[in-house]
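Student: Kindly generate the corresponding structure for this input.
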Amino acid sequence: VNNELEALENFLLAAIDLLENGGRLVVISFHSLEDRLIKQIFKRWESDCVCPPKQPICNCSKERQFKILTKKPLQPDEQETLANPRSRSAKLRAGERVIEEGR
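Tutor: Next comes the predicted model:
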């Protein structure tokens, strides 16, 4: 409605450039569409190739720029949701900036 997903994507794309080598980015989402977007962007950053899957040889020369620290999102435990019911939909994802040597 208010372009929240577009704003989130713009934020993430700007944030990766602001991180130094070893810098960490932690994002908490409260909606499945937000979480999906964060997951997809983190995976794209972690990948070292963006060539089409059927292409036999990689020629994109993309380098990995991110390491995902949370393979699955962290979610509040039962005690947290009892103390704070709004937290039940929260999902936390984290990653670390990786700059290859020689760059």
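
Student: Please export the C-alpha coordinates of stretch 46-61 as PDB.
Tutor: Extracted as PDB, the C-alpha positions of stretch 46-61 are listed here (Å, rounded to 0.1, in the frame of the first residue of the first chain):
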ATOM      1  CA  GLU A  46      26.000 -14.600  -1.000                       C
ATOM      2  CA  SER A  47      26.100 -16.200  -4.500                       C
ATOM      3  CA  ASP A  48      29.200 -16.000  -6.600                       C
ATOM      4  CA  CYS A  49      27.500 -16.500  -9.900                       C
ATOM      5  CA  VAL A  50      24.300 -15.000 -11.400                       C
ATOM      6  CA  CYS A  51      24.500 -16.800 -14.800                       C
ATOM      7  CA  PRO A  52      21.400 -18.700 -16.000                       C
ATOM      8  CA  PRO A  53      21.400 -22.200 -14.500                       C
ATOM      9  CA  LYS A  54      21.500 -23.900 -18.000                       C
ATOM     10  CA  GLN A  55      24.500 -21.900 -19.100                       C
ATOM     11  CA  PRO A  56      27.500 -24.400 -19.200                       C
ATOM     12  CA  ILE A  57      30.200 -21.900 -18.300                       C
ATOM     13  CA  CYS A  58      30.100 -19.000 -15.900                       C
ATOM     14  CA  ASN A  59      31.000 -15.700 -17.500                       C
ATOM     15  CA  CYS A  60      29.400 -13.200 -15.100                       C
ATOM     16  CA  SER A  61      32.500 -12.600 -13.000                       C
END
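
Student: mind checking the SS state of the spatially most central residue of the chain?
Tutor: Taking C-alpha atoms, centre = their mean, the centroid of the chain lies closest to F42, which sits 3.1 Å from it. With DSSP: H, G, I helix; E, B strand; the rest coil as the basis, F42 sits in helix.

Student: I figured it hits L69, correct?
Tutor: No. Taking contacts as C-beta atoms under 8 Å, F42 lies outside contact range of L69: 9.5 Å. To be clear about C-beta, it is placed using only N, CA and C from the backbone, and glycine gets the same treatment.

Student: Identify the contacts common to these two.
Tutor: Taking C-beta atoms under 8 Å, 6 or more residues apart in numbering as the criterion, F42 and L69 both touch G95.
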